[in-house]
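Participant: Fold the following, please.
(one chain, ligands or ions: 2)
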Amino acid sequence: MTTPPRRFTGGTLVIASHNKGKVREIAALLGPYAASFVSAGELGLPEPEETGTTFIANAELKALAAAKAGHVALADDSGMVVPALNGDPGIYSARWAGPEKDFQMAMGKVEDGLKGQTDRSAWFVCALSLAWPDGHVETVEGRCPGTLVWPPRGAHGFGYDPMFKPDGHDITFGEMDPARKHEMSHRADAFRQLVERCFK
Ligand SMILES: O=P(O)(O)OP(=O)(O)OP(=O)(O)OC[C@H]1O[C@@H](n2cnc3c(O)ncnc32)[C@H](O)[C@@H]1O
Ligand SMILES: [Mg+2]
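Facilitator: Numbering: from 1, shown residues only. Ligands and ions are numbered 1, 2, ... in the order given. Down below sits the predicted model:
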């Protein structure tokens, strides 16, 4: 027999991320389901080393590390997978931007790798993991397919958004109103699954 998923029954939820763009998006998506939340940065929690080899493993290790502080914690491990680059930057999406978090440079590296390639498809992945202080975790994974454009366009969103045009749309995530991105993003897809599992 499979055990049913564990539900979040209220109280403070820690958003276990040090990325302000992500925290902003997670807070917007989570609004109706958690009365109060605080980010790992606000709590002064350290940024764990992301030693996993999958988005799911890294989401789980970040959520479990934050939950040790005593509250249920939600972590997001995400990135952009480019088949023509053999799946890079993938789980290394943040690391491609270096310590300066220079995404102009990281997007330039992606574009350099695509020179001479005809396949400009990509997809974003978002693994979300909810962890309890006793070590229990619930994890889901969402996706959003699209195409890479050059030059980058738009100032909304964060990270690789200005070069990513979601399928079925003519504008990039960087040009898109945040509310619209939340209707179709990898993070929204993962959220729908997590809400179904743990917040209903
Ligand atoms: O680990 P935390 O503290 O949450 O913050 P981080 O920025 O290091 O996050 P990740 O390790 O999950 O790396 C994900 C990177 O993938 C990129 N990324 C993820 N979601 C994105 C989105 O919705 N739009 C654009 N880029 C995104 C972005 O550059 C992120 O820095
Ligand atoms: Mg990270």
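
Participant: which bits of this protein sit near ligand 1?
Facilitator: Within reach of ligand 1 by C-beta under 6 Å from any ligand atom, the chain has these residues: 17-19, 22, 47, 50, 62, 76-79, 93-94, 124, 157-161, 173, 185, 187. (Glycine included, C-beta is placed from N, CA and C.)

Participant: Write the ChimeraX selection for whichever of the residues you listed are buried.
Facilitator: In ChimeraX syntax, the buried subset of the residues of the chain next to ligand 1 is picked out as below (16 or more other C-beta atoms under 10 Å):
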select :17,18,19,22,50,62,76,77,78,79,93,94,124,157,158,159,160,161,173,185,187
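
Participant: Which strands and helices lie in contact with the helix or strand hosting Met105?
Facilitator: Secondary-structure assignment from DSSP states H and E places Met105 in helix 103-114. Contacts defined by 3 or more C-beta pairs under 8 Å, 6 or more residues apart in numbering; DSSP states H and E place helix 103-114 against strand 137-148.

Participant: For the following helix or strand past the strand it packs on, the averaged confidence score.
Facilitator: Next helix or strand after strand 137-148 toward the C-terminus (DSSP H and E): strand 164-166. For strand 164-166, mean pLDDT is 98.

Participant: centre of the chain versus strand 164-166, how much separation?
Facilitator: Centre-to-centre, strand 164-166 and its host chain are 15 Å apart (C-alpha atoms, centre = their mean, to the nearest Å).

Participant: I'd like to check what contacts it. Which residues are they?
Facilitator: 80, 122, 124, 144-149, 171-174, 176, 184-185 (C-beta atoms under 8 Å, 6 or more residues apart in numbering).

Participant: Tell me, how many residues neighbour Pro151?
Facilitator: Residues contacting Pro151 under the criterion other C-beta atoms under 10 Å number 9.

Participant: per-residue confidence at it?
Facilitator: 98.

Participant: Narrow the contacts of strand 164-166 to those that are buried.
Facilitator: Going by neighbour count (16+ other C-beta under 10 Å), those have 80, 122, 124, 144, 146-149, 172-174, 176, 184-185 buried.

Participant: got the buried residues for stretch 83-95?
Facilitator: By 16+ other C-beta under 10 Å, the buried positions in stretch 83-95 come out as Ala84, Leu85, Asp88, Pro89, Gly90, Ile91, Ser93, Ala94.

Participant: okay, how far is it across that stretch, tip to tip?
Facilitator: This stretch, stretch 83-95, spans 18 Å end to end (C-alpha to C-alpha, to the nearest Å).

Participant: if I pick Ala155, what's in contact with it?
Facilitator: By C-beta under 8 Å, 6+ apart, the contact set of Ala155 is Pro162, Gly174.

Participant: Tell me the spacing between it and ligand 1.
Facilitator: The gap separating Ala155 from ligand 1 is 13 Å, by C-beta to the nearest ligand atom, to the nearest Å.

Participant: Do I have it right that Trp150 meets Pro162?
Facilitator: No: Trp150 is beyond contact range of Pro162, at 9.9 Å (criterion: C-beta atoms under 8 Å).
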